[in-house]
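next one to model:
(2 chains)
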Amino acid sequence: MKKLQNSLYITRQGAYLHKERETLVIEVEKEKAMQVPIHAIQAIYCFGNVMVSPFLMGFCGENGVHLAFFTEYGRFLGRLQGKQTGNVLLRQTQYKTAELKPESISRNIIAAKITNSRSVLYRHLRNHGENADVNQAIVQMSSSLRRLQKRDNLDSIRGIEGEAAAFYFGVFDQLILPSVGKGFEFNTRSRRPPLDRVNALLSFLYSVVGNDITAALQGVGLDPQMGFLHQTRPGRDSLAQDVLEEFRAWLVDRLVLSLINRKQIKANDFEIEVSGAVKLKDDARKTVLVALQNRKQETVKHPFLNEDVPIGLLPHVQALLLARHLRGDLAEYPPFVPR
Amino acid sequence: MMVLITYDISFDDPGGQRRLRHIAKACLDYGVRVQYSVFECELDPAQWVVLKAKLLEIYNEDSDSLRFYMLGAKWRSKVEHHGAKKALDIFQDTLIL
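Okay, here's the model as predicted:
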């Protein structure tokens, strides 16, 4: 049986990686910080100013170890492609699965999305007391989730997703505390363009996190444009949109709610264009990105790996799990559902 | 599977230091040093054959001793650690630096 190997994430700036006999040595300021046997490592992800010796690069290429580079903030820069053909097989499997049986991955992702959205509602009830409408939405979403288990065609999976999203966004307005004042009314989800401030915040953050996910998918050698749940369309990162579903509520929606409810973002942080489109001002955008960056540094216990992982690395972990599922190492794709 | 490797290398003859160094390096190639002369190596059977052959080639039959403890694949339930210097589980711990 194939052994699931580990991934190494280097976020320390100025680190130097080199090969010493059969081991990988990581030096920070000329000090050995870690030495591990290379055979335990499947992937090395370097963020920002990380140096890799030519011998180690050669070794990675020769042995099919993933070596990918990202900016310090996580944007994908490039990855080392060895002579190995494994990568084409992975993409081929991805395309075949997307065409022939995208249902199981899609269903798992949507189940996670509904569960995670429902958790946002539960959390509101816990923190702010009972609310009949929110309760009602939770009941309806639970029923969507039960019906989802029996669906095995893509259209009805999408249908249940839409229905659950309608229940969820139907009460989203009530998650914004009355004390924040005017300007943050939310009626319905609108995009292209977002027509109110809440939608503007949601859209902005969804796209930032979506880019992180694209980067992570490219890092493991998947094609971010070929999705399972979302239809392929030129220029759209459909697979990234698929994986984003798991993170929307738990990462973005919660962040948006706390930015608004804690008054870190105010009504005058937005400008309204003639077309009715609402946009974040530059300064406010910075506030939002700083908040996201801080959140990305917190760690959570990954329920599948049972390991503490920084939130910023979760897209990479999910991309890896997806690749492993497509390669046949995992029977099902385990989407991210925090405990 | 997990193999626990321990050794005692005699320094009585001049080659002792060299053997000790070489044994330690060979073990490092495949595993994690948990104490000075104790290594935990998680290997597949093929890697174990290679490592074992290397070690047996380096050591001196008359003066040194090598001990291999085969802990199998379910070794995690058989190992307990107390105190300082907790060893890294290279296959399972999240490796972030």
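
what stretches of the stretch 51-200 of chain A score poorly on pLDDT?
For the stretch 51-200 of chain A, applying pLDDT under 70 flags the ranges A:73-74, A:82-86.

can you give me the helices for it?
All helices of the stretch 51-200 of chain A, identified by DSSP state H, counting those that start in this stretch, fall at A:54-63, A:86-100, A:103-128, A:132-148, A:154-172, A:197-219.

helix A:132-148 and the longest one, what's the angle between them?
Read it as helix A:103-128. Inter-element angle recorded for helix A:103-128 and helix A:132-148: 160 degrees (by axes from the mean of the first three to the mean of the last three Cα atoms, to 10 degrees).

may I see the buried residues of helix A:103-128?
A:103-121, A:124 (16 or more other Cβ atoms under 10 Å in any protein chain shown). Placement of C-beta: from N, CA and C, glycine included.

who are the packing partners of that helix?
Secondary-structure packing of helix A:103-128 (3 or more Cβ pairs under 8 Å, 6 or more residues apart in numbering or on different chains; DSSP states H and E): helix A:132-148, helix A:154-172, helix A:238-247, helix A:254-261.

recalculate using a threshold of 6 Å.
Here helix A:103-128 touches helix A:132-148, helix A:154-172, helix A:238-247, going by 3 or more Cβ pairs under 6 Å, 6 or more residues apart in numbering or on different chains; DSSP states H and E.

returning to that earlier point: for the helices of the stretch 51-200 of chain A, which one ends up most surrounded?
Of all the helices of the stretch 51-200 of chain A, helix A:197-219 has the most neighbours on average by mean count of other Cβ atoms under 10 Å in any protein chain shown, namely a mean of 22.

now it, how far from the centre of its chain.
Computed by Cα atoms, centre = their mean, to the nearest Å, the separation of helix A:197-219 from the middle of its chain amounts to 8 Å.

okay if I get the helices of the stretch 51-200 of chain A as CSV plus distance to residue B:27?
Below are those laid out as CSV (distance: least, Cβ to Cβ, whole Å):
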stretch, distance to residue B:27
helix A:54-63, 20
helix A:86-100, 30
helix A:103-128, 41
helix A:132-148, 50
helix A:154-172, 51
helix A:197-219, 32
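
please point out which parts of the host helix or strand of residue B:26 sit buried.
Taking DSSP states H and E as the criterion, residue B:26 maps to helix B:16-30. Going by neighbour count (16+ other Cβ under 10 Å), the buried part of helix B:16-30 is B:19, B:20, B:22, B:23, B:24, B:26, B:27, B:28, B:29, B:30.

got the residues of chain B near chain A?
Residues of chain B lying near chain A by Cβ under 6 Å from any Cβ of the partner chain: B:28, B:29, B:30, B:90, B:91, B:94, B:95, B:96, B:97.

mind checking the SS state of the fifth one?
When states are read from DSSP: H, G, I helix; E, B strand; the rest coil, the local structure at residue B:91 comes out as coil.

roughly how far apart are it and residue B:44?
According to Cβ to Cβ, to the nearest Å, residue B:91 and residue B:44 sit 11 Å apart.

again, but for the third one
With distances taken as Cβ to Cβ, residue B:30 is found 10 Å from residue B:44.

beta-bridge partners for the residue of the stretch 201-339 of chain A found nearest chain B, please?
Nearest residue of the stretch 201-339 of chain A to chain B: residue A:307, at 4.8 Å (Cβ to the nearest Cβ). Beta bridges link residue A:307 to residue A:302 when assigned by DSSP bridges.

try residue A:280
Counting by DSSP bridges, the residues bridging with residue A:280 are residue A:270.

so what's it up against?
Neighbouring residues of residue A:280 by Cβ atoms under 6 Å, 6 or more residues apart in numbering or on different chains: A:200, A:204, A:270.

same thing with residue A:325?
Going by Cβ under 6 Å, 6+ apart, residue A:325 touches residue A:333.

what's the pLDDT at it?
With respect to pLDDT, residue A:325 scores 89.

pull the number of nearby residues for the closest residue to chain B within chain A.
Residue nearest to chain B within chain A (Cβ to the nearest Cβ): residue A:22, separated by 3.6 Å. If you count neighbours by other Cβ atoms under 10 Å in any protein chain shown, residue A:22 ends up with 16.

can you show me the strands along chain B?
B:2-8, B:31-35, B:38-42, B:65-72, B:95-96 (DSSP state E).

redo the ones you listed as a markdown table? Include distance to residue A:65 and mean pLDDT.
Listed next are the strands of chain B as a markdown table, based on distance: least, Cβ to Cβ, whole Å; pLDDT from 0 to 100:
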| stretch | distance to residue A:65 | mean pLDDT |
| --- | --- | --- |
| strand B:2-8 | 22 | 90 |
| strand B:31-35 | 18 | 87 |
| strand B:38-42 | 17 | 89 |
| strand B:65-72 | 26 | 89 |
| strand B:95-96 | 13 | 70 |
